[in-house]
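Participant: Show me the folded form of this:
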Amino acid sequence: MTAEKKKERCSWCLKFDDYVKYHDEEWGVPVHNDQIHFEFLILEGAQAGLSWSTILKKREGYRKVFANFDPTKVSKFTDKKLEKILLDPSIVRNRLKVFAAVNNAKRFLEIQKEFGSFDNYIWSFVDNKPIQNKRKSLKDVPATTKESDALSKDLIKRGFKFVGSTVIYAHMQACGLVNDHVESCFRYQELTS
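Facilitator: Below you'll find the model as predicted:
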């Protein structure tokens, strides 16, 4: 067995190689790039009611149909273009979620205009530094927190869709606003130092 396989990891990521790679290289790493934030807003919204592994397997399809997650381009998608996207099996073809992406792109651009960047906006909900949790096991990880509740409430007030507190907490975990790697995971130490 290789040293790579012997590394202690969060148990949720052990289903397939791309999941392990995502866990090891992306999940929980602080994001300060608006395009990546927009990507995760679309992907986390698409995940609502589904598994992350399903979305991860379709990530390239999302990149292709949603202009590599460029919020300016997505904000200009017409209903006709969205109808065409709904025919593409490389994404989850949920009409409400696909149409919400355009709405959310427009709201995203409004936040960029107001705050200078989406990054400035979202990080203000965690005092501009990652929350370092100390989780012993996956059962210690909540579905929502007071921070995700506040962020979700504000996004909804601003007109976003598919941004409930559970979806937003998943976004916060993915984009490193919180460190929810379990303490025994090799990534926990890497992301706290």
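Participant: can you count the residues close to Leu87?
Facilitator: Number of residues near Leu87 (other CB atoms under 10 Å) recorded here: 7. All C-beta spots, glycine's among them, are computed from the backbone N, C-alpha and C.
Participant: Tell me where this structure has helices.
Facilitator: 3-6, 17-25, 34-47, 52-57, 59-65, 71-75, 79-85, 95-115, 118-123, 146-157, 165-174, 186-192 (DSSP state H).
Participant: want to throw the ones you listed into CSV with distance to Asp140?
Facilitator: What follows is the helices of the chain, written out as CSV (distance: least, CB to CB, whole Å):
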stretch, distance to Asp140
helix 3-6, 24
helix 17-25, 17
helix 34-47, 21
helix 52-57, 18
helix 59-65, 28
helix 71-75, 34
helix 79-85, 38
helix 95-115, 30
helix 118-123, 24
helix 146-157, 16
helix 165-174, 13
helix 186-192, 12
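Participant: what does stretch 83-98 contact?
Facilitator: With CB atoms under 8 Å, 6 or more residues apart in numbering as the contact definition, stretch 83-98 has outside contacts at 45-46, 48, 50, 54-55, 58, 60-62, 64-66, 77, 82, 161-162.
Participant: Where does pLDDT dip in this structure?
Facilitator: In the predicted model, the chain carries pLDDT under 70 at residues 1-5.
Participant: Recalculate using a threshold of 50.
Facilitator: 1-3 (pLDDT under 50).
Participant: burial measure for the residue nearest to Glu60 when sequence neighbours are not counted, as a count.
Facilitator: Sequence neighbours aside, Ser90 is the residue nearest to Glu60 in space, at 7.1 Å (criterion: CB to CB, 6 or more residues apart in numbering). Burial of Ser90 is recorded as 15 neighbouring residues (other CB under 10 Å).
Participant: how about Asn179, what does it touch?
Facilitator: 28, 130-133, 188, 191-192.
Participant: Now distance to Thr145 too, for these, in TSV please.
Facilitator: Shown next, in TSV, are the contacts of Asn179 (distance: CB to CB, whole Å):
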residue	distance to Thr145
Gly28	15
Pro130	13
Ile131	8
Gln132	13
Asn133	9
Tyr188	18
Leu191	17
Thr192	18
